[in-house]
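Colleague: Have a look; sequence and predicted model below, questions after that.
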2 protein chains.
Amino acid sequence: MSEYWSPKPLYRSVVLILDGLGDRPVPELGGRTPLQVARKPTLDSLAAEGVTGIMDVIEPGVRPGTDTGHMALFGYDPYRFYPGRGPLEAAGIGVELKPGDVALRANFATVREEGGRLIVVDRRAGRIRGEDAEALTRYLNERIGSVDDVRVSFHHATAHRLVVVLRGDSLSPRVSDSDPGTAREGEPVREVKPLTNDPESERTARILWKLLLRAHEELERCPVNEERVKRGLLPANAVLTRGAGMVPYGIVPFREQFGATAYLVAEEATVLGVARILGIEGEIPGGSTADLDTDLDAIFNRALDAYRRGYEFVFIHVKGTDIAGHDAKPLEKARFIERVDEAFAGFLSRIDRGKTIVAVTADHSTPCTVRDHSGDPVPLLINGPGVRRDDVTSFDEISCARGGLGRIRGVNLVRILLDLMNKPIMFGE
Amino acid sequence: MSEYWSPKPLYRSVVLILDGLGDRPVPELGGRTPLQVARKPTLDSLAAEGVTGIMDVIEPGVRPGTDTGHMALFGYDPYRFYPGRGPLEAAGIGVELKPGDVALRANFATVREEGGRLIVVDRRAGRIRGEDAEALTRYLNERIGSVDDVRVSFHHATAHRLVVVLRGDSLSPRVSDSDPGTAREGEPVREVKPLTNDPESERTARILWKLLLRAHEELERCPVNEERVKRGLLPANAVLTRGAGMVPYGIVPFREQFGATAYLVAEEATVLGVARILGIEGEIPGGSTADLDTDLDAIFNRALDAYRRGYEFVFIHVKGTDIAGHDAKPLEKARFIERVDEAFAGFLSRIDRGKTIVAVTADHSTPCTVRDHSGDPVPLLINGPGVRRDDVTSFDEISCARGGLGRIRGVNLVRILLDLMNKPIMFGE
């Protein structure tokens, strides 16, 4: 009896996620998709020796974001667990959040008072430099620790960007933006209002607005701003907020939820933020540009390192496909897929294929003809020991629709992989 | 106009469930599955003249038990209605349960007192015989009718096994096992604790522990045990419990839920227990061994009898395929499928095919390479008057994935059959 016959051999999974990979027929490619046009022997042979399908990352017709798409690919239903942009931005810059915390994206801005209202002069305070923004953030945290019974904190991200966190009982993420939006200089700062008429939303809007007025007062007399004015720069005398979100209760970290360890090599802070909220470790590798010129070898080397450190799931996120879709560059998209195919071949030659389930898919489609995300299903292949083999021999949107996996949802993927790893989620005896 | 054209001819359904039928590619079968290898002209011609698909009995990647799998196949969502092991064991031995009843699996065991604790000497009371266990069960029921305001009852199953039922208001199934588990002789009996901190769980744990201490006292002075000790046998002086479950509220019996009568011929008490909880009648036929040597003719004869008695659904459960999977015997699995194919042909020749929808599927996969249940989807065929025909000509895991049914869920099956029987569940006008 070979080792194969011992009960339940345990395997690992490598999941390659090509951001925005899915596409639609492109007229200038003769009605084919970039994935159909690309020369990709590695992906095609994985498809030929494995099983394929198409996948609605969220649900049919619904356009995923990179954030909600990845949340689903990590096995968590985004309808239940998506926290909104504020908490993701916070997690992306390493802010520790607890369930019930409300986090908001924010800008340092320049405002002037006029008739008792605050008018936006510059939404980014004259593109304030990181050092000044950092100092102003410290100043705010020193001067304002709480509003009423709610603890508040400010966290600098990059340039004019920061994150505001509210921590306390009975908060709500359903509050409006105070930021009037891009290209809205000359308009007043918008008073924060509850978006629904429950007591939590009313309380949160009141407290947040009080906080923003207080921040304006403090920033007006901050020495950093006096110095900026002396240097002929716009003072960063207000904080504009948007994208309020709450970390939901009930997220069980990946390792406890699925009984397996996971590591993510990603090209974007957003993807890393989603992972962190779910308890998945990860990194953005040096050399990554999140664009078509990214260093794919650097990315796959970091993935190989995680694989060798023994993680049971290694997720690899590559961004260029999405960029090419947004930029309506179908040939560049195809060429980039070819580069990924080659680099992935090198990675595969260095892992133990006999003990590894390999999946290749996308977080959403970014068709070149749309120049944006779309709700078209994405192709999926799964290859590895024990995987049922279908007769599809090409990895693309059209061929995979005939595959043995049929049409599944993004949230199914991790569960299917766990099953093939012989660590299934069990229900019943 | 022939009879065929009269409005809504009403049909019946026969559902053949081959336990653990689904498999993965098996190296010693040249990468094919036992179902692909088996010579099965009956199943193949049913597939060729019908429609096929693959089915996630619970959801993609999730490993069904025989119990949860059958619950889904009977049309009930196990996430909503699965009662846990205790009530299934109770239903399997014919105990009548009501919603809100808590039932537990239990063992007669031998314990000794040491420092105020009860230490397990033998978890099965020296493999006590059925007659003694029966007598001890009667004794307990005579001596203990209730604890506080909760009615309690003991029900002998087989050998050392029994079922304990608690009936009263505000009970909870979320209580821990008092049984320390297999191979844990020498360890203390575990005090029953609430698994969640609600009043119902705390109350149930307190009452159950009081009951188990009381049962120990009663069994210590029971004449049956005095007699056993005289005969040099271990006294069965304790009851160890595990697998608490509650019959959920809101189960509408099959006939009312679906407007159709149903009968089950099964090889296992567990399957029969699931059926009973759902109001489906059934039997384990004489001659059934729940193994590869079972008397298939006896099984199909009982199914034929149910069909002739006019049941609208006849479910037939055959176990051998699962046994072969657990034992990693792919050739035996294929041979057993061949035997089923032949016996089923005889059954089909004796029913009115023109008025019967025939379905063949499984409750889960039991791949020979895994030696356990897995979450791989199972193949499904549906054949009969009015059924759309696809171009799949072989009934196996790979071919059916290309079939006209696509990829469905276990809970869909009964509804699809009802629709083909022209008794659909209607929603809207």
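Modeller: On my side now, so go ahead.
Colleague: need the helices for chain A, in chain order.
Modeller: Assigned by DSSP state H, the helices in chain A fall at A:34-37, A:41-48, A:66-73, A:78-81, A:85-92, A:130-143, A:199-220, A:223-230, A:254-258, A:269-277, A:296-308, A:320-326, A:330-348, A:413-420.
Colleague: Can you report how many residues neighbour the residue in the stretch 251-400 of chain A positioned nearest to chain B?
Modeller: Of all residues in the stretch 251-400 of chain A, residue A:386 sits closest to chain B, at 4.5 Å by C-beta to the nearest C-beta. Where C-beta positions appear, they are placed from N, C-alpha and C, glycine not excepted. A count of nearby residues for residue A:386, using other C-beta atoms under 10 Å in any protein chain shown, gives 22.
Colleague: give the contact list for the closest residue to it other than its chain neighbours.
Modeller: Nearest residue to residue A:386, sequence neighbours excluded (C-beta to C-beta, 6 or more residues apart in numbering or on different chains): residue B:24, at 4.5 Å. Taking C-beta atoms under 8 Å, 6 or more residues apart in numbering or on different chains, we find residue B:24 in contact with A:386, A:387, A:388, B:33, B:365, B:367, B:368, B:369, B:370, B:374, B:376.
Colleague: What is the nearest of those residues to residue A:41?
Modeller: residue A:387 (19.2 Å; C-beta to C-beta).
Colleague: give me phi/psi at the closest one?
Modeller: phi -70, psi 130 (degrees, to the nearest 10).
Colleague: still on that earlier bit, hang on, the residue of the stretch 251-400 of chain A closest to chain B packs against residue B:375?
Modeller: No - applying C-beta atoms under 8 Å, one finds residue A:386 not in contact with residue B:375, separated by 12.0 Å.
Colleague: and for the two, which residues touch both?
Modeller: By C-beta under 8 Å, 6+ apart, residue A:386 and residue B:375 have no common neighbours.
Colleague: Excluding residues flanking it in the chain, which one is nearest whichever residue of the stretch 301-429 of chain A sits closest to chain B?
Modeller: Chain B sits closest to residue A:428 of the stretch 301-429 of chain A, with a gap of 2.5 Å, by C-beta to the nearest C-beta. Among residues not flanking residue A:428 along the chain, residue B:65 sits closest, at 2.5 Å (C-beta to C-beta, 6+ apart).
Colleague: check contacts around the closest residue to residue A:419 other than its chain neighbours.
Modeller: In space, and not counting its chain neighbours, residue A:419 is closest to residue B:375: 3.5 Å by C-beta to C-beta, 6+ apart. For residue B:375, the contact set (C-beta under 8 Å, 6+ apart) comprises A:415-416, A:418-419, A:424-425, B:56, B:58, B:60-64, B:364-365.
Colleague: out of those residues, who's nearest residue A:52?
Modeller: For these, the nearest to residue A:52 is residue A:416 (12.6 Å; C-beta to C-beta).
Colleague: so the closest one makes contact with residue A:382?
Modeller: Yes - between residue A:416 and residue A:382 there is a contact at 7.1 Å, judged by C-beta under 8 Å.
Colleague: out of the two, which sits in the more crowded spot?
Modeller: The residue with more neighbours, out of residue A:416 and residue A:382, is residue A:416; 29 against 26, by other C-beta under 10 Å.
Colleague: neighbours around residue A:425, how many?
Modeller: So residue A:425, with other C-beta under 10 Å, has 18 neighbours.
Colleague: ok, what's across the strand from it?
Modeller: residue B:62 (DSSP bridges).
Colleague: what about it, distance to residue B:63?
Modeller: 7 Å (C-beta to C-beta, to the nearest Å).
Colleague: Tell me the residues that contact both of the two, please.
Modeller: Joint contacts of residue A:425 and residue B:63 (C-beta under 8 Å, 6+ apart) are A:419, B:375.
Colleague: outside of stretch A:190-207, which residues touch it?
Modeller: With C-beta under 8 Å, 6+ apart, stretch A:190-207 has contacts from A:102, A:147-148, A:150, A:166, A:170-180, A:208-209, A:212, A:241, A:244.
Colleague: same question for the longest strand along chain A, mean pLDDT?
Modeller: Assignment by DSSP state E gives strand A:102-114 as the longest strand of chain A. Computed over strand A:102-114, the mean pLDDT rounds to 96.
Colleague: From the contact counts, what lies against that strand?
Modeller: helix A:85-92, strand A:117-122, strand A:161-167, helix A:199-220, strand A:238-246 (3 or more C-beta pairs under 8 Å, 6 or more residues apart in numbering or on different chains; DSSP states H and E).
Colleague: Return the most buried member of those.
Modeller: helix A:85-92 (a mean of 26; mean count of other C-beta atoms under 10 Å in any protein chain shown).
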